Structure formats: structure tokens, C-alpha cells
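> Just to be clear, the model below is a prediction. Sequence and coordinates:
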Amino acid sequence: SHQWHGVIEEYRDRLPVGPGTPVVTLREGGTPLVPAQVLSERTGCEVHLKVEGANPTGSFKDRGMTMAISHAKEQGAKAVICASTGNTSASAAAYAVRAGMVCAVLVPQGKIALGKMGQALVHGASILQVDGNFDDCLTLARGLSEKYPVALVNSVNPSRIEGQKTAAFEIVDMLGDAPDVHVLPVGNAGNITAYWRGYTEYAADGIAARRPRMWGFQASGAAPIVRGEPVTDPRTIATAIRIGNPASWEFAERARDESGGLIDEVTDRQILAAYRLLASREGVFVEPASAASVAGLLKAAAEGKVDPGQRIVCTVTGNGLKDPDWAVAGAPQPVTVPVDADAAAERLGLA
Ligand code: F0G
């Protein structure tokens, strides 16, 4: 059949699974690679968006979670735990349900989007709001997994990176080769690590002729890799990437350096401008953190760092519905009309 079977079945020979691994899946992956007309015009390049908000729980985390939860089940785990800015917890909660496991999540109090909190709740996860930031949550989750019988499913778990590398495979499978540049938001730095691994494996096996330059973008108020030191009080409206001490910091720098790429910052203002452009001009609704990739591309173009004619892929990591406050904020209130065609036509400027 033409049904997509999820990343483990689609890329089984490239993932660390055996015949006995129970596959816990929501048929994640197989996400759209959408040509971006307006971004292509603005940059003089061929720009594509890898729309990861189309995954079952609305973010790229599902690619890694199918692997992490399948491995946890294989190892007999009854419970999983994660620290999260929201998307990891939503994904872990859903996949834990599929696996018949208990899921505990640690989130920074008051700093995760409502949609993500709703997902963790409706999937029945145990949620602890921590009086601290994401980095504190991760420290706590690591400590708990070391002392108690609960499997850690953050991206410090190598299975997560393995699953997430499949996004790079899909892009090469679609385009016939790697792009010239791959752009993505950076928070805990797991995803940039995963894409680089995916591109590297395909190039090593001759499936791709080349590897892209990796361009990662952090939010200015949460840009430890750009600053060269941890940020103790990370701040940004892009709550998903509000992280001051990324777990995969060194891997991200390696991806940057080995690819001849860069890790730079974008301001919240630039993030919101890109968020609105994606929605209003490309028809793609993403959450603010996801727009950091596109904001970064536009910043690099304005700085003359983008040579025309290149093929560029921007990953947009999460669905806009997770955090709709930013869509509604500042927008005009819809007008109310009676059930009357002439009145409605007048308000619409048709009359
Ligand atoms: N975009 C979104 C929507 C995210 O949720 C995250 C990370 C990132 C980008 C950054 O990816 O951490 O691999 O560099 N969210 C994690 C979470 C931290 O808990 O959901 P990264």
C-alpha cells in the first residue's frame, strides 16, 4: 500500500533496531517539503520548507520519540521521563500511551505554550512544573533517571538523535541530493546534531554526492553557543528554544565547523517577522521558535552571506497551533455581522 509506515519501518536498515524491537509508532515522518516562493524570490535561491509541524503530535520530536520509546519498551521500561519546553513532553506523552507506559514530564513553570501543556495533559502524563528554566528541568530529569527506574527520553538519549536524522534522509530522497545549505533553529542542539548525522551517513554511502552547510540560529536572549558561554537566565518569546546550556553543544559546533556553516542569533523581533511572513505569504503556520530558521536565512541574506542560485532547506520545527497566542496578539478583532448578504458584502468590501 502507499501508506507511510513511520520512520523506523521506512528507514529500518539505517536505524539501530533489530527484528525483536517493538515498533511504537504514530506513523511519524514523511513530512512535506514545500517550495517557498516568497523566500525564494527574496533570496534569489531555491528555498524549501521542511514542515515538521505535520508530524502526529505537531513537531519533529516524534521522529526521535518513536525510537526512544521503542527502545525503552524493548528494554522493559515501565515509565519514561523528560525535561521539556513543551514539544518533547507532548510527543513523549503520546508515544508512552501507545507503548502502555507511564510518562512523567518536567517543564519550566509558566514558560510552555498552552497547546503543548494540553497535549501532555490529555495524554495522561504526570506533569511537574519546575521552579526554574529548561536547563534546571533537564538536570532534574537526569538525576531522577539515574536514581529511579525511569528511562530518560531527552535527546541526550542517543536513540532520539538516531530517529531525528531521518529528516535529512527524506530531504535527500526528495531532492536527489543534499541542499547547499540547511537552516534550522537551535535550542538544546539535538536536531542540528541529528540532521548532520543523517546527511553524513547518506554522503558516506554515496546516496548523496555532498553535504550541506549547516546554519543554526538561536534566539538572541538564549544564544549560549553564539556567546561562547552558558546563559543563566535565557529569555525569548520563542519558548521552545529558551535554553541556556544546550546538552548537544559540542555536537552542534562540530556540525557547524565540519560543514563550513555557522551558528548565529536572531532577535525576537526578527523571529516574529519571519513567523508572520511564513503565515501570511507562504501559507505555512509555524510556532515562533520554528520561524528562527527563516529569520536566520533572511538575516544572512541581508548580510550578503547567501549566494544566489543555491538550494536551501529551512526546517520549520513545530505547528503554529501549539502556541496560537502569537497569531491572535495584535491582530484586528473580527467584525460581527447580521445574517444578511448585503451587510456581509459591505464589510468585506465586495459591495
Ligand atoms: N523548534 C521547536 C519547535 C522545538 O520544540 C525545539 C526544541 C527546537 C526547535 C530546538 O531543537 O533542542 O534539538 O535544538 N524543543 C525541546 C522540547 C527542547 O523540550 O520540546 P533542539
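That came in fine, so what should we check first?

> chain center to the lowest-mean-pLDDT helix or strand in the chain, what's the gap?
Least confident element among the helices and strands of the chain, by mean pLDDT, DSSP states H and E: helix 325-328 (a mean of 94). In terms of Cα atoms, centre = their mean, to the nearest Å, the centre of helix 325-328 is set 19 Å apart from its chain centre.

> do stretch 246-253 as well
16 Å.

> Return the set of buried residues in that stretch.
Across stretch 246-253, burial judged by 16 or more other Cβ atoms under 10 Å covers 246-249, 251-253. Backbone N, C-alpha and C define where each C-beta goes, glycine included.

> Enumerate the residues of this structure near the ligand.
Residues of the chain found near the ligand, taking Cβ under 6 Å from any ligand atom as the criterion, are 59, 61, 84-88, 155, 185-191, 240-241, 287, 289-290, 317-318.

> how about a cut-off of 5 Å?
Neighbours of the ligand within the chain, by Cβ under 5 Å from any ligand atom: 84-85, 87-88, 185-191, 240, 289, 317-318.

> At which residues are the strands of the stretch 101-250 of the chain located?
Assigned by DSSP state E, counting those that start in this stretch, the strands in the stretch 101-250 of the chain fall at 102-108, 126-130, 151-152, 181-185, 213-219.

> Make JSON lines from the ones you listed and add mean pLDDT and mean neighbour count to it.
Converted to JSON lines, the strands of the stretch 101-250 of the chain look like this (pLDDT from 0 to 100; neighbours: other Cβ atoms under 10 Å):
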{"stretch": "strand 102-108", "mean pLDDT": "98", "mean neighbour count": "23"}
{"stretch": "strand 126-130", "mean pLDDT": "98", "mean neighbour count": "16"}
{"stretch": "strand 151-152", "mean pLDDT": "97", "mean neighbour count": "22"}
{"stretch": "strand 181-185", "mean pLDDT": "98", "mean neighbour count": "28"}
{"stretch": "strand 213-219", "mean pLDDT": "99", "mean neighbour count": "28"}
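
> Tell me which two of the buried residues of stretch 246-253 sit farthest apart.
Farthest-apart pair in these is Ala247 and Glu253; separation 13.0 Å (Cβ to Cβ).

> Can you give me the neighbour number for the closest residue to Pro108 other than its chain neighbours?
Distances taken as Cβ to Cβ, 6 or more residues apart in numbering place Asn133 nearest to Pro108, at 5.0 Å, with adjacent residues excluded. Asn133 is flanked by 23 other residues according to other Cβ atoms under 10 Å.

> Give me the phi and psi angles of Asn133.
phi -100, psi -170 (degrees, to the nearest 10).

> hmm, back to that, next, format the strands of the stretch 101-250 of the chain as a markdown table and append distance to Ala204.
Shown next, in a markdown table, are the strands of the stretch 101-250 of the chain (distance: least, Cβ to Cβ, whole Å):
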| stretch | distance to Ala204 |
| --- | --- |
| strand 102-108 | 35 |
| strand 126-130 | 40 |
| strand 151-152 | 29 |
| strand 181-185 | 17 |
| strand 213-219 | 16 |
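
> Please compute how far stretch 331-351 lies from its chain's middle.
Distance of stretch 331-351 from the chain centroid (Cα atoms, centre = their mean) equals 38 Å.

> just to revisit the earlier point, after the least confident helix or strand of the chain, heading C-terminal, what element do we hit next?
Per DSSP states H and E, the first helix or strand lying C-terminal to helix 325-328 is helix 341-347.

> Would you mind writing the CA trace of that following helix as CSV?
Below are the C-alpha coordinates for helix 341-347, written out as CSV (Å, rounded to 0.1, in the frame of the first residue of the first chain):
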residue,chain,number,x,y,z
ALA,A,341,-25.6,39.1,2.5
ASP,A,342,-25.6,42.9,1.7
ALA,A,343,-24.3,43.8,5.1
ALA,A,344,-21.6,41.0,5.0
ALA,A,345,-20.6,42.0,1.5
GLU,A,346,-20.2,45.6,2.6
ARG,A,347,-17.9,44.6,5.5
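
> so for it, what's the average pLDDT?
Over the span of helix 341-347, the pLDDT mean works out to 96.
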